[in-house]
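*Asks:* Sequence and predicted structure below; questions after.
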Amino acid sequence: MDVILGIESSCDETSASICIDGHIYSNVIANQTIHEKFGGVVPELASRAHQQHIIPAVQQAIAEAKIDKNDLKAVAFTRGPGLLGSLLVGTTFAKGLALGLSIPLIEVNHMQAHILAHFIEDPKPNFPFICLTVSGGHTQLVLVKNYFDMELLGQTLDDAAGEAFDKSAKILQLPYPGGPLIDKYAKEGNPRAFKFPNPQVGGLDFSFSGLKTSIMQFVKKEEAQQPGFVQAHLADICASIQDRIVSILLNRLQQAVDQTGIKEVAIAGGVSANSGLRHGLVQLGAEKGWTVHIPKMSYCTDNAAMIAIAGYYKYLQKDFVGQDISPLARWSVTG
Ligand code: KG4
Ligand code: ZN
C-alpha cells in the first residue's frame with residue numbers, strides 16, 4: 001500500500017490529507033478566520049495559526065483514513081509558492097515527521113497541485129490539456145503536457161482573478177474573502193445592469209488592476225450622487241463584476257484553445273469554485289465541442305488532497321528531496 005500524507009500550508013488554510021494507492025481517504029482543512037477583521041491575510045498571524053493547527057489536522061487526517069502513522073510511506077508538502085512563514089511551518093513539520101519515521105520527503109509545487117487535483121477522481125483529463133488556474137495569488141493559462149511537465153501560456157500582469165474578486169468586494173464593503181460573497185449576491189442580480197471595462201492586454205496574458213480602479217470610481221461617483229447606492233444595487237453590481245471577470249477569463253481560455261488546437265480544458269484554483277465561471281465554461285465547452293473538467297468544490301480552494309495526489313505521482317517516480325530542503329515563496333508552475 002502506497003500511503004502518502006499531504007500537507008498544505010501556503011496561505012491561510014492548514015490542511016492534511018491521506019492518499020492510498022492514488023485514492024484520497026481524508027482531507028482535513030482548518031480555515032483561519034482571524035484574517036476576516038483585517039480585510040486580508042496577515043502573514044504573521046497565518047504562520048502562528050498554522051503552528052496551532054498543523055498537528056491536530058495531521059492527526060485527524062490519519063484517524064479519518066483509519067491508518068496508523070507508521071503506515072505512511074512518504075510525506076509530501078507544499079514547498080511553494082506562497083507566504084514564506086506559512087510555508088516554513090508545513091515544510092518544517094514535514095521534514096521532522098519524515099526524519100522521525102525514516103520515510104522519504106516529497107516537495108510539491110502548489111500551482112501544479114491545483115491542476116493535479118483533477119487526478120483525484122474520474123474522469124481524469126487526458127494529456128495534453130489546457131488548465132486555467134485562477135486563485136487568490138495567481139491567474140495562469142497552463143499547457144499541461146504531463147503530470148510535472150507544464151508550460152505557461154499566459155498569466156496576469158498585475159492582480160490575480162481571486163484578488164480582483166476580493167478587492168472588488170472590499171470596495172463594496174464586503175468582508176474578506178469577498179469572492180464567495182460576490183458569487184452569492186450575483187445569483188440574484190442582473191449581469192448586464194452595469195458595464196465594466198474589458199482590459200486591453202496582448203497575447204494570452206491577463207490584467208485586472210484597471211477593472212478594480214473603474215469599480216472604485218464607479219462606486220465613488222454613484223454614492224456621491226445617491227448615498228446608499230451600493231447597498232440598494234448590491235446584487236446587480238456583484239453580478240456585473242462577476243460577469244466581467246468571467247468573460248475576461250473565458251475569452252482568454254478560448255484564445256488558448258484556438259492557438260494550440262487542444263480542446264481538452266480544465267479550470268483549477270479557488271476561483272474555479274465561482275458559479276458564474278463554472279456555468280460559463282460548461283456552456284462554452286458545449287458550444288465549442290470541448291471536453292471540460294471542473295473540480296469538485298472541495299478541491300477548488302486550497303486543500304491537502306491535491307498535495308497528496310501530486311505527492312503520490314512523485315512517489316511512483318521516486319522523486320524525493322533531502323532534509324536540506326527549504327521553502328520557496330516564488331516557484332513557477334513550470335517547475
Ligand atoms: O486557491 P485559493 O484557495 O488560494 C490561493 O492559492 O490563492 O484561492 C483563494 C481565492 C480567493 O481570492 C477567494 O476569494 C477566491 O479564491 N474564491 C472565489 C470563490 N471561492 C473562492 N472567487 C469567486 N467566487 C467564488 N465562489
Ligand atoms: Zn491555492
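*Replies:* On my side now, so go ahead. Residues are numbered from 1 along each chain as shown. Ligands and ions are numbered 1, 2, ... in the order given.
*Asks:* So for this protein, the centremost residue is which one?
*Replies:* Centroid check for the chain by C-alpha atoms, centre = their mean gives Gly269 as the closest residue, at 2.5 Å.
*Asks:* Spatially, which residue comes closest to that residue, not counting chain neighbours?
*Replies:* Ser135 (3.5 Å; C-beta to C-beta, 6 or more residues apart in numbering). Just so you know, the C-beta spots here come from the backbone N, C-alpha and C atoms, and that holds for glycine as well.
*Asks:* ok, now Ser272?
*Replies:* Closest to Ser272 by C-beta to C-beta, 6+ apart is Cys300, at 4.6 Å.
*Asks:* hang on, the earlier thing: quick one: the residue nearest to Gly269 from Glu287, how far?
*Replies:* 26 Å (C-beta to C-beta, to the nearest Å).
*Asks:* Which of the two has more residues huddled nearby?
*Replies:* Each of Ser135 and Glu287 has its neighbours counted (other C-beta atoms under 10 Å); Ser135 has more, 25 against 9.
*Asks:* which residues does the more buried one contact?
*Replies:* Ser135 makes contacts with His114, Ala160, Ala161, Gly162, Gly269, Gly270, Val271, Asp302, as judged by C-beta atoms under 8 Å, 6 or more residues apart in numbering.
*Asks:* Need the max-distance pair from those.
*Replies:* Largest separation among the contacts of Ser135 by C-beta to C-beta: Ala161 and Asp302, giving 15.1 Å.
*Asks:* Those two: which has the busier surroundings?
*Replies:* More neighbours surround Ala161 than the other of Ala161 and Asp302, with 29 against 26 (other C-beta under 10 Å).
*Asks:* Quick one, grab the pLDDT at the residue of the stretch 201-335 of the chain found nearest ligand 1.
*Replies:* Ligand 1 sits closest to Gly270 of the stretch 201-335 of the chain, with a gap of 2.0 Å, by C-beta to the nearest ligand atom. Note for Gly270: predicted pLDDT of 96.
*Asks:* wouldn't it be in contact with Ser298 here?
*Replies:* No. Contact criterion C-beta atoms under 8 Å: Gly270 and Ser298 do not qualify, at 11.8 Å.
*Asks:* quick one, which of the two is more surrounded?
*Replies:* Per other C-beta under 10 Å, whichever of Gly270 and Ser298 has more neighbours is Gly270, with 26 against 14.
*Asks:* roughly how far out does whichever strand or helix holds Arg48 sit from the chain middle?
*Replies:* Assessed by DSSP states H and E, Arg48 sits inside helix 43-64. Between the centre of helix 43-64 and the centre of its chain there are 19 Å (C-alpha atoms, centre = their mean, to the nearest Å).
*Asks:* give me the number of residues near the residue nearest to Tyr185 when sequence neighbours are not counted?
*Replies:* Nearest residue to Tyr185, sequence neighbours excluded (C-beta to C-beta, 6+ apart): Cys238, at 3.9 Å. Neighbour count of Cys238, defined by other C-beta under 10 Å: 28.
*Asks:* for whichever strand or helix holds Cys238, packing partners?
*Replies:* Take DSSP H and E as the rule and Cys238 turns out to sit in helix 234-260. Applying 3 or more C-beta pairs under 8 Å, 6 or more residues apart in numbering; DSSP states H and E, we find helix 234-260 packed against strand 129-134, strand 139-146, strand 149-155, helix 161-171, helix 179-186, helix 209-225, helix 275-288.
*Asks:* deepest of these, which one?
*Replies:* Burial of the helices and strands packed on helix 234-260 is given as mean neighbour count (mean count of other C-beta atoms under 10 Å); strand 129-134 ranks first at a mean of 27.
*Asks:* Listing partners with orientation, what would you give for it?
*Replies:* Using DSSP bridges, the strands paired with strand 129-134 are strand 139-146 (antiparallel), strand 264-268 (parallel).
*Asks:* who touches the shortest one?
*Replies:* This means strand 264-268. 114-115, 117-118, 125-126, 128-134, 144, 253, 257, 277-278, 281, 285, 290-295, 300.
*Asks:* The residue of the chain positioned farthest from its centre and Phe218: what is the separation?
*Replies:* Distance from the C-alpha centroid of the chain, by C-alpha atoms, centre = their mean, peaks at Gln225 (38.2 Å). Distance, Gln225 to Phe218, by C-beta to C-beta: 11 Å.
*Asks:* go on, His293?
*Replies:* In terms of C-beta to C-beta, His293 sits 35 Å off from Phe218.
*Asks:* Check His23 too.
*Replies:* Distance from His23 to Phe218, by C-beta to C-beta: 48 Å.
*Asks:* Then Gly311?
*Replies:* Gly311 is 45 Å from Phe218, by C-beta to C-beta.
*Asks:* same thing with Ala94?
*Replies:* For Ala94, the distance to Phe218 - C-beta to C-beta - is 46 Å.
*Asks:* Pull up the residues of the chain that are close to ligand 1.
*Replies:* Within the chain, the positions adjacent to ligand 1 are 11, 135-137, 162, 165-166, 177, 179-180, 183, 269-271, 273-274, 301-302 by C-beta under 6 Å from any ligand atom.
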